[in-house]
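> model this:
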Amino acid sequence: MKKIVSSLVVIGLLFGVISVVSAEGNQAVAVKQTKEEKTAHQLEKWQNRAAKLGIMQTGQTLEQLKEAVHAAKVEQRAKAETKRSEKAAKWGIETTGKTNKEVKTAIREAKAAHQAAKKEEKTAKKEARTAKQAEQSAKRAEKAANWGMDPADKSAKQLKEEIQSKKAAKQAEKKAQKKQDKKKQDKK
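Numbers count the residues shown, from 1 in each chain. Next up is the predicted model:
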């Protein structure tokens, strides 16, 4: 039994050593591949950056790509700065001596203040409109009461039509009354 156990241990150690040796052999090959892959990977990475920025990348070395990408980024930053300055000028913000973050914050605050003022103005207009409608409704109800009508459950349009029809009827009645009065005076 001891012989079987010892032979199993020896076999296990032998395979373990073989695995370690083969792993070290693969690692040495991997290191050489990694250096070659690293340069290829860097070139690919810079080509992707150049493609995102819309730079032509064919036939360029890694250094040329880096320079082109950096130049494009500087150009983008300049455009962004110009745009930010225009926005700041639009909102009346002074940009001299301020960082980009401070300028952005000031623009956001100016926009928020403008939107709050607009909202306040809109609310005031809505309140004025509501007050005017209430006033018109009260006048309409008063007119309806003067004409002997009940304004409840009737729209403004219905009330207006009924008042106009009653006015027309009253005017027709007055004309008829005048004609009768005139006939009476003519007979006398």
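> what's the domain layout of this protein?
Structural domains annotated on the chain: 46-91, 96-176, as defined by the TED database.
> closest to E37 out of the ones you listed?
Judged by C-beta to C-beta, the one of those that comes nearest to E37 is domain 46-91, at 14.2 Å. (Each C-beta comes from the backbone N, C-alpha and C, glycine too.)
> Check the average confidence over whichever strand or helix holds E161, would you?
Taking DSSP states H and E as the definition, one finds E161 inside helix 156-187. Helix 156-187 carries an average pLDDT of 84.
> Over to stretch 83-98?
Averaging pLDDT along stretch 83-98 gives 87.
> Give me the contacts around it.
N100, V103, K104, A106, I107, A110, K111, H114 (C-beta atoms under 8 Å, 6 or more residues apart in numbering).
> go with 7 Å
N100, V103, A106, I107, A110, K111 (C-beta atoms under 7 Å, 6 or more residues apart in numbering).
> so after the lowest-mean-pLDDT helix or strand in the chain, what's the next helix or strand?
Ranking every helix and strand in the chain by mean pLDDT, DSSP states H and E puts helix 2-53 at the bottom, with a mean of 70. Note on helix 2-53: by DSSP H and E, the next helix or strand toward the C-terminus is helix 62-90.
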